[in-house]
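[1] Make a model of this:
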Amino acid sequence: MKTCIAALYRFVALNDHAELREPLLQQMESLGIRGTLLLANEGINGTIAGSAAAIDGLLDWLAGHPQFGNRLDGMDVKKSWSNAIPFLRTKVKLKKEIVTMGVAGIDPNRSAGTYVKPQDWNQLISDPDVVTIDTRNDYEVRIGTFRNALNPHTESFREFPEYVKQTLDTAKHRKIAMFCTGGIRCEKSTAYLKELGFTEVYHLQGGILKYLEEVPPEESLWEGECFVFDERVAVDHALQPGHYTQCHACRAPLSEADLESRYYTAGVSCPYCHAETSAAQRERFRERQKQMALARQRGEQHLGDDMEQVRRRRQAEKIAAKDQQRTASRD
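    Numbering: from 1, shown residues only. I've put the predicted structure just below:
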């Protein structure tokens, strides 16, 4: 049975988000859904995976839950499919921001740019007066982006405001189009630019994933593969797993050529991080890789249990065994 992978987000006031964490986590676990959802005052964001029925069940639960009310109406959801569940754990995390820019007071509900549907995106970015900016991190851009898009060369989204400060000018750059994986970073980026006084700011509705879903390959201006934040690493234009693996030390996507590098050691280092880690760090990574391999041998990772779930299960097994021993001694 195919696994449904749903990337979702919604900018909406959730001042009571801390109270929502536990019921949301319990609902995900009861439906057998894995993945991570983030909750913050500004909304919800994350990627989850499970059966199609489970994903639809959670979305219905979110839409109808009295604590959420109708605040999640219009939530952006993008679905793709895989032969396996690409997550090992089930998490709901409380955050200051659902996508971390580090600039206070940015509200996409108040001042975001203009949505552009995937079908209209090609025409927009083909306009010579439009500056097209990829708002993703450098390692994401490296494996795929839109033709002629600018790469800010950021290592995290926190660096994007500094890129804007150093590169963009309201007098010079009159039309700006921005995009990201699922739409959330570019939506927040457009709100930030609007706050700075940029007037014509556009962003790709639904992000790259929606574009790949709706625009035929023969009409596409997308080049390469799209990095995704799960064990698929990247997807191609058909939203099928791509040709990259991932460095478990720095999370960089790795090509087949990267895997042949003398700096690549599974789980320890790759050509992109070898020079940036110390011998002590690499030793820790090596031990972590060893423990992951042992966990797989025990079947723990295969089952998708996180370490806290494993600990609870083992504790319950010990208690049950002791109870059985006490019963046997009384008999």
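[2] tell me the centre residue of this structure?
    By C-alpha atoms, centre = their mean, the chain has its centre lying nearest to residue 229, at 4.3 Å.
[3] which residues sit in contact with the spatially closest residue to that residue that is not a sequence neighbour?
    With C-beta to C-beta, 6 or more residues apart in numbering as the criterion, residue 229 has its nearest non-adjacent residue at 6.1 Å, and that residue is residue 47. C-beta coordinates here come from the backbone N, C-alpha and C atoms, glycine included. Contact analysis of residue 47 by C-beta atoms under 8 Å, 6 or more residues apart in numbering lists 5, 6, 7, 8, 35, 36, 87, 228, 229, 230.
[4] same thing with residue 232?
    Here residue 232 is in contact with 5, 82, 86, 241, 242 (criterion: C-beta under 8 Å, 6+ apart).
[5] Now do the same contact list for the first one.
    When you say that, I think you mean residue 5. For residue 5, the residues meeting the contact criterion (C-beta under 8 Å, 6+ apart) are 47, 48, 49, 79, 80, 81, 82, 86, 230, 232.
[6] correct me, but the third one touches residue 81?
    No: under the contact definition of C-beta atoms under 8 Å, residue 49 does not touch residue 81, with a separation of 9.8 Å.
[7] quick one, helices of this structure?
    Taking DSSP state H as the criterion, the chain contains helices spanning 17-30, 52-64, 108-111, 118-125, 138-141, 160-167, 184-196, 207-214, 256-259, 279-298, 307-330.
[8] Let me know which of those helices is tucked in deepest.
    When the helices of the chain are scored by mean count of other C-beta atoms under 10 Å, the highest mean neighbour count falls to helix 184-196 (a mean of 24).
[9] what's the domain layout of the chain?
    With automatic domain parsing serving as the domain definition, the record reports that the chain contains domains spanning 3-94, 108-224, 244-291.
[10] Next, format those domains as CSV and append distance to residue 298 and mean pLDDT.
    Written out in CSV, the entries for the domains of the chain read as follows (distance: least, C-beta to C-beta, whole Å; pLDDT from 0 to 100):
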stretch, distance to residue 298, mean pLDDT
domain 3-94, 14, 91
domain 108-224, 32, 96
domain 244-291, 11, 91
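[11] Out of those, flag the one nearest residue 236.
    When the domains of the chain are ranked by proximity to residue 236, the top entry is domain 108-224, at 8.1 Å, counting by C-beta to C-beta.
[12] so how far does the closest one reach from one end to the other?
    Start to finish, the residues bounding domain 108-224 are 29 Å apart (C-alpha to C-alpha, to the nearest Å).
[13] Stretch 126-138 too?
    In stretch 126-138, first residue to last residue: 23 Å (C-alpha to C-alpha).
[14] Okay, buried residues for that stretch please.
    Neighbour counts over stretch 126-138 (16 or more other C-beta atoms under 10 Å) mark 130, 131, 132, 133, 134, 135, 136, 137, 138 as buried.
[15] Does the second one touch residue 169 like I think?
    No: under the contact definition of C-beta under 8 Å, residue 131 does not touch residue 169, with a separation of 10.4 Å.
[16] By neighbour count, which of the contacts of residue 232 wins?
    Note: the member of the contacts of residue 232 with the most neighbours is residue 5, at 25 neighbours, neighbours being other C-beta atoms under 10 Å.
[17] how far does stretch 258-278 sit from the chain's center?
    Relative to the chain's own centre, stretch 258-278 is displaced by 23 Å; criterion: C-alpha atoms, centre = their mean, to the nearest Å.
[18] neighbouring contacts of it?
    Taking C-beta under 8 Å, 6+ apart as the criterion, the residues outside stretch 258-278 that touch it are 139, 245, 247-250, 252, 254, 282, 285-286, 288-289, 292.
[19] quick one: which of those is nearest residue 126?
    residue 139 (26.8 Å).
[20] Report how many residues lie close to the spatially closest residue to the closest one that is not a sequence neighbour.
    If the residues on either side of it in the chain are set aside, residue 139 comes closest to residue 252, at 4.8 Å by C-beta to C-beta, 6+ apart. Residue 252 has 22 neighbours, counted by other C-beta under 10 Å.
[21] Same question for residue 220.
    One way to gauge burial is a neighbour count; for residue 220, by other C-beta under 10 Å, it gives 16.
[22] Which residue is the nearest non-sequential neighbour of it?
    In space, residue 220 comes closest to residue 237 once its chain neighbours are excluded; the distance is 6.3 Å by C-beta to C-beta, 6+ apart.
[23] ok now do the one you found, which residues does it touch?
    Contacts of residue 237 were listed using C-beta under 8 Å, 6+ apart, and they are 212, 217, 220, 222.
[24] what about it, distance to residue 157?
    Taking C-beta to C-beta, to the nearest Å as the measure, residue 237 and residue 157 are separated by 25 Å.
[25] With residue 242 instead?
    Computed as C-beta to C-beta, the residue 242 to residue 157 distance reads 22 Å.
[26] what do you get for residue 80?
    Distance, residue 80 to residue 157, by C-beta to C-beta: 22 Å.
[27] Next: residue 169.
    From residue 169 over to residue 157 (counting by C-beta to C-beta), the distance is 21 Å.
[28] of all the buried residues of stretch 126-138, which comes closest to residue 181?
    The closest of the buried residues of stretch 126-138 to residue 181 turns out to be residue 136 (C-beta to C-beta; 6.4 Å).
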